[in-house]
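*Asks:* Output the structure for:
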Amino acid sequence: KNFPTHIMKLLPLFSSALLLLLLLATIFESNSFQFDLQVNHDKCFREELALDIVVLGDFDAGNSYNTNLGVRVLSPSGKLIWNKEQVTRGTFAFTTEERGEISVCFLDRARQGVNVPTTHVRRVIFSLKTGIEAKDYTAVAKKDDLKPLEIELMKLEDVLEEINTDMKYLRNRESAMRTTNESTNNRVVWLSVGSLAILLTLGLFHIFYLQRFFQQKKII
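*Replies:* Numbers count the residues shown, from 1 in each chain. Okay, the predicted model is just below:
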């Protein structure tokens, strides 16, 4: 059966939209995982982030009658951003104020007066979203009455903008590293020249000293 011409013309558009949706589904897949936390041992997760990046974290450790869970978030400079003690689950959100590596650390301590074996572990479910992953597009869609395809296009636009920002950051880092390398090379060259000049000076001094010594001893 032959399809109408106008439908055949729209097929490439539908195919592109489908590929776009599949791509975004892959990009926005939740960064959630599970891990076992040993009692009285901390475990930290680190993420390299740029400036002014939204961070959204969510964790769930379930209930425990023997231990207390503590969670803290540190900035690249070691500043305490978020800290909670004796929690079982929670959510934290903040915007980075400096560029670098943030740390999210979990520590499960034995409760006071309770003897907990060292083999005791606690299962923690942790999810960390950054940048556009942390943006609530559902709220944006409700506020602006956007259609699903418009939301996906907005996501793609944000993805491209974030990629562009990362590329600019990498170019700046490359430029800074190149400048540092050139400066180091110049210093090495001048250090080599200075070392050679010192060696030549010492050599001439030794020749002059030995000549004077032999002349005084009337050897030459």
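
*Asks:* burial count for Val189?
*Replies:* Val189 has 10 neighbours, counted by other C-beta atoms under 10 Å. Any C-beta I mention is one placed from the backbone N, CA and C, and that applies to glycine too.

*Asks:* Equivalent analysis for Trp82, please.
*Replies:* Quick note: Trp82 (other C-beta under 10 Å) scores 16 neighbours.

*Asks:* Which strand or helix spans it?
*Replies:* strand 80-87 (DSSP states H and E).

*Asks:* Give the buried residues for that strand.
*Replies:* By neighbour count on 16 or more other C-beta atoms under 10 Å, the buried set for strand 80-87 is Ile81, Trp82.

*Asks:* Just checking: what are the partner strands of that strand?
*Replies:* Taking DSSP bridges as the criterion, strand 80-87 pairs within the sheet with strand 67-74 (antiparallel).

*Asks:* mind checking how far the partner strand is from the chain centre?
*Replies:* Distance of strand 67-74 from its chain centroid, counting by C-alpha atoms, centre = their mean, to the nearest Å, is 20 Å.

*Asks:* For that strand, give me every contacting residue.
*Replies:* 37, 39, 57, 59, 61, 80-88, 90, 92, 94, 102-111, 114, 116, 120, 122, 124 (C-beta atoms under 8 Å, 6 or more residues apart in numbering).

*Asks:* related to what we said a few turns ago, just the residues contacting the strand holding Trp82, thanks.
*Replies:* Against strand 80-87 from outside (C-beta under 8 Å, 6+ apart): 61, 68-75, 90, 92, 94, 102.

*Asks:* which residues touch the closest residue to Asp60 other than its chain neighbours?
*Replies:* With C-beta to C-beta, 6 or more residues apart in numbering as the criterion, Asp60 has its nearest non-adjacent residue at 4.2 Å, and that residue is Arg89. Residues near Arg89 by C-beta under 8 Å, 6+ apart: Phe59, Asp60, Ala61, Gly62.

*Asks:* Show the buried residues in those.
*Replies:* For these, buried by 16+ other C-beta under 10 Å: Phe59, Asp60, Ala61.

*Asks:* mind putting those in JSON lines, pLDDT, secondary structure and distance to Asp136 included?
*Replies:* Output for the buried ones among the contacts of Arg89, formatted as JSON lines (pLDDT from 0 to 100; DSSP: H, G, I helix; E, B strand; the rest coil; distance: C-beta to C-beta, whole Å):
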{"residue": "Phe59", "pLDDT": "95", "secondary structure": "strand", "distance to Asp136": "19"}
{"residue": "Asp60", "pLDDT": "94", "secondary structure": "strand", "distance to Asp136": "20"}
{"residue": "Ala61", "pLDDT": "92", "secondary structure": "coil", "distance to Asp136": "24"}
